[in-house]
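Peer 1: Generate coordinates for the sequence data below:
(one chain, ligands or ions: 2)
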Amino acid sequence: MTQGYESATNVRDAEGRQYHIALKPGEVARHVILVGDPERARRVAGNFEAVELERSNREYVTITGRHDGLRVSVMGTGMGAASTEIAIVELCQCVERPVMIRCGSTGALQPGMALGDLVISQAALRLENTTRFYVEDSYPAVADPQAVMALAAAADAIGQRYHVGVTATSPSFYAGQGRAIAGFPPREPDIVERLARQGVKNLEMETACLLTLATLRGFVAGAVCAVYATRADDVFISPAQKDMAEKACIATGLGALHLLDAMERARGARPIWHPGLGLNESGA
Ligand SMILES: O=P(O)(O)O[C@H]1O[C@H](CO)[C@@H](O)[C@H]1O
Ligand SMILES: O=c1cc[nH]c(=O)[nH]1
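Peer 2: Ligands and ions are numbered 1, 2, ... in the order given. Okay, the predicted model is just below:
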């Protein structure tokens, strides 16, 4: 497939096919769902009425198709900010002005948050270190307000319980999220309590990377995660509950993409949609 690469910097072939994700311009939709788990990517695509492309390379599984008439790509990014950075940078070489929503899983930190609830991120603590190579430490990882509203509206549309607030993106599932496993003591065992005291809603591993890179590049992005763990009582979700929570998270992410499409048409040349503009969803 690949004859040679442009350079050590732009690792793409003559057709523009990217080294890690193995996709080229034309193969990625503007509306993209990102998930950590490649099997979840396949389950997202299970909602498509038509599939035009499936590609798998390393951990990156991508499927492009149509969902209720809207062209959508879903990609499994793998876990963590490092592999997510590769996915986002390479996707942005394949598509202009993308709209990206992460549909992930997460651990909840606040009382009143239950297994299976959704968390919509307004912003994220950049505890990972990938984004430090792009921006200074005080740079905020902030979601597009349109994405926050679209995700909340999409969750309401399916009667799903959700929370909105600040997420912490960790570079680690175990020590970095305060999980003490025999023989692997975390340096900061109380990190969950510290973050909870600061009002942080949830811990996961990719959102800050997506939000930071989206602000830098200038595209619309947001994140919604299903609660798989409640950290205060140390409970992890059962397989049956996980299925339902994942379905709700996927439905919310896909619903939000349609709303974001309608918002974009309603706002025209304005920088942002606001409620005064209304929505015409018929063209979605
Ligand atoms: O379910 P995903 O999207 O992978 O998200 C969460 O689950 C993984 C850890 O189990 C990390 O990637 C974390 O961010
Ligand atoms: O506790 C959790 C659950 C899912 N994903 C995470 O990163 N942490």
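Peer 1: does the nearest residue to residue 132 once chain neighbours are set aside have beta-bridge partners, and which?
Peer 2: The shortest distance from residue 132 to any non-neighbouring residue, by Cβ to Cβ, 6 or more residues apart in numbering, is to residue 126 (7.4 Å). The C-beta positions use only the backbone N, C-alpha and C, and glycine is treated the same way. Going by DSSP bridges, residue 126 is paired in beta bridges with residue 169.
Peer 1: residue contacts, residue 126?
Peer 2: By Cβ atoms under 8 Å, 6 or more residues apart in numbering, the contact list for residue 126 reads 132, 137, 139, 141, 169, 208, 212.
Peer 1: Isn't the fourth one up against residue 127?
Peer 2: No - no contact is recorded between residue 141 and residue 127 when judged using Cβ atoms under 8 Å, the distance being 10.1 Å.
Peer 1: shared neighbours of those two, which are they?
Peer 2: Joint contacts of residue 141 and residue 127 (Cβ under 8 Å, 6+ apart) are 169, 208.
Peer 1: More neighbours: the two, which one.
Peer 2: residue 141 (26 against 19; other Cβ atoms under 10 Å).
Peer 1: Run through the bridge partners of the more buried one.
Peer 2: Residues in beta-bridge contact with residue 141 (DSSP bridges): residue 124.
Peer 1: before we move on, the earlier item: could you identify the buried members of the contacts of residue 126?
Peer 2: 141, 169, 208, 212 (16 or more other Cβ atoms under 10 Å).
Peer 1: who are the neighbours of the helix or strand where the last one lies, in terms of helices and strands?
Peer 2: The one in question is residue 212. Per DSSP states H and E, residue 212 falls inside helix 207-217. Here helix 207-217 touches helix 81-94, strand 99-108, strand 118-126, strand 141-142, strand 162-169, strand 220-230, going by 3 or more Cβ pairs under 8 Å, 6 or more residues apart in numbering; DSSP states H and E.
Peer 1: could you give the angle of the next helix or strand along the chain from the shortest one to strand 220-230?
Peer 2: It refers to strand 141-142. Downstream of strand 141-142, the first helix or strand assigned by DSSP H and E is helix 145-157. Interaxial angle, helix 145-157 versus strand 220-230 (axes from the mean of the first three to the mean of the last three Cα atoms, to 10 degrees): 50 degrees.
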